[in-house]
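S.K.: this one's sequence-less:
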């Protein structure tokens with residue numbers, strides 16, 4: 001069954017994505033992983049600024 005969900009591209013534009021639920025789950029996991037990596041990089045950058 002198709003699921004509509006919103007995803008953001010690399011420039012922060014919001015896009016409506018229609019795909020089956022396993023695709024949606026994969027998209028969401030990928031976006032979460034990308035966000036975690038972005039946050040980790042930001043934390044490292046802040047740590048380096050403190051030194």
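M.R.: Structure's in. What do you need? These numbers were taken from a predicted model, which means no experiment stands behind them. Numbers count the residues shown, from 1 in each chain.
S.K.: now for the lowest-mean-pLDDT helix or strand in the chain, which elements pack on it?
M.R.: One helix or strand of the chain scores below all others by mean pLDDT, DSSP states H and E: strand 2-8, with a mean of 74. Counting by 3 or more Cβ pairs under 8 Å, 6 or more residues apart in numbering; DSSP states H and E, the packing neighbours recorded for strand 2-8 are strand 14-20, helix 21-50. Just so you know, the C-beta spots here come from the backbone N, C-alpha and C atoms, and that holds for glycine as well.
S.K.: do you know the pLDDT at the residue nearest the centre of the chain?
M.R.: The geometric centre of the chain, computed from its C-alpha atoms, lies nearest to residue 31 (Cα atoms, centre = their mean), at 2.3 Å. With respect to pLDDT, residue 31 scores 87.
S.K.: how about the nearest residue to it, chain neighbours excluded?
M.R.: residue 7 (6.4 Å; Cβ to Cβ, 6 or more residues apart in numbering).
S.K.: for that neighbour, the count of nearby residues, please.
M.R.: Residue 7 has 15 neighbouring residues, counting by other Cβ atoms under 10 Å.
S.K.: hang on, it packs against residue 15?
M.R.: Yes - proximity of residue 7 to residue 15 meets the contact threshold set by Cβ atoms under 8 Å, at 5.3 Å.
S.K.: mind checking what secondary structure residue 11 has?
M.R.: Look at residue 11: counting by DSSP: H, G, I helix; E, B strand; the rest coil, its state is coil.
S.K.: what's near enough to touch it?
M.R.: Listed by Cβ atoms under 8 Å, 6 or more residues apart in numbering, residue 11 has no contact partners.
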